[in-house]
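# how does the following fold in three dimensions:
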Amino acid sequence: MAITLLQINVVLAARGKDAVEASQLHEALDYALGVYGIPSTILNADEPSERLILGIALLAAQAPFPIAVTAALISSEIKAASGASVKKEFADTPADPYPVISGLLAPFSATAQPRGISFGISSR
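Model prediction:
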């Protein structure tokens, strides 16, 4: 049996959180599959682990999720001794919005390497 709505709501009730609807559970499973890279075989396992159920329950409580993540633009201005100034605008890499949930679900991820930008050696 895959993760059920009853399992999710029991876990949330034990933590004093509101129950979720089936649509929120489906969004959480999609998010876990797409963002955290958890294989569908693990998400649909006959006997999912308690840690997986906890992570999905906490994720379902956060649903619905934004379609696109945007980072705020940051601006800095540096004045040189000559009086000239250089203005830079850039956006930081978006941070993980759910670090605790990411930690709970990390062992189930199919990707062993971290995601994001790396300035180290490229391996293909």
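
# where does this protein have low pLDDT?
Applying pLDDT under 70 to the chain flags the ranges 1, 67-73, 90-94, 111-124.

# what about 90?
For the chain, the stretches with pLDDT under 90 are 1-2, 34-36, 63-103, 109-124.

# the residue of it most remote from its centre and residue 76, how far apart?
Within the chain, residue 82 marks the point farthest from the mean C-alpha position, 46.3 Å out by C-alpha atoms, centre = their mean. Residue 82 sits 18 Å away from residue 76, taking C-beta to C-beta, to the nearest Å as the criterion. For every residue, glycine as well, the C-beta is placed using N, CA and C.

# and if you look at residue 22?
In terms of C-beta to C-beta, residue 22 sits 47 Å off from residue 76.

# got it, and residue 28?
38 Å.

# could you do residue 85 as well?
The gap separating residue 85 from residue 76 is 10 Å, by C-beta to C-beta.

# name the SS class of residue 87, please.
Put simply, residue 87 is strand when judged by DSSP: H, G, I helix; E, B strand; the rest coil.

# may I have the beta-bridge partners of it?
Beta-bridge partners of residue 87, counted by DSSP bridges, are residue 77.

# verify the stated contact: it with residue 74.
No - the criterion here is C-beta atoms under 8 Å, and residue 87 misses it with residue 74 at 11.5 Å.

# confirm that the residue farthest from the centre of the chain sits in a strand.
No - counting by three-state DSSP, residue 82 falls outside a strand, being coil.

# for it, give me phi and psi.
According to degrees, to the nearest 10, the main-chain angles of residue 82 amount to phi -80, psi -10.

# can you pull the contacts of it?
By C-beta atoms under 8 Å, 6 or more residues apart in numbering, no residues touch residue 82.

# quick thing: my sequence starts at 11, can you match it?
With 11 as the first residue, the last one maps to residue 92.
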